[in-house]
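K.L.:
sequence-free structure coming up:
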């Protein structure tokens with residue numbers, strides 16, 4: 001399984017801890033998400049800048065995450 005697939009599965013599992021998510025809602029949510037892979041020690045957001053998105057970084061996939 002690729003990192004992108006693992007990241008989205010981890011994200012859905014995390015969100016499902018808060019509330020149930022229908023397949024149609026999940027598909028719509030995925031449509032606005034972007035997978036990003038980072039090299040170790042690189043910055044996801046620059047310090048001092050206010051991000052216009054948020055990111056989810058699964059502990060099992062450090063260096064890979066999903067941004068919305």
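P.N.:
Thanks, I have it. Computed from a predicted structure; not experimentally measured.

K.L.:
Need the three-state assignment for residue 26.
P.N.:
helix (DSSP: H, G, I helix; E, B strand; the rest coil).

K.L.:
Run a quick neighbour tally on it.
P.N.:
For residue 26, the neighbour count with other CB atoms under 10 Å is 15. C-beta here means a position set from N, CA and C on the backbone, and glycine is covered the same way.

K.L.:
Do you know the pLDDT at it?
P.N.:
In this model, residue 26 is scored at 95, pLDDT.

K.L.:
Nearest residue to it in space, please, no chain neighbours.
P.N.:
Excluding the flanking residues, the one nearest residue 26 by CB to CB, 6 or more residues apart in numbering is residue 12, at 6.1 Å.

K.L.:
This structure: helices as residue ranges?
P.N.:
Assigned by DSSP state H, the chain shows helices spanning 3-16, 23-31.

K.L.:
wait, isn't residue 30 in contact with residue 8?
P.N.:
Yes: counting by CB atoms under 8 Å, residue 8 is a contact partner of residue 30 at 6.6 Å.

K.L.:
Pick out whichever of these two has more residues nearby.
P.N.:
residue 8 (19 against 15).

K.L.:
Tell me, please, the helix or strand in the protein that averages the lowest pLDDT.
P.N.:
strand 64-67 (a mean of 60; mean pLDDT, DSSP states H and E).

K.L.:
how near is the residue of the chain most remote from its centre to residue 31?
P.N.:
Residue farthest from the centre of the chain, counting by CA atoms, centre = their mean, is residue 48 at 21.7 Å. Using CB to CB, to the nearest Å, residue 48 is found at 31 Å from residue 31.

K.L.:
and if you look at residue 38?
P.N.:
Distance of residue 38 to residue 31, given as CB to CB: 22 Å.
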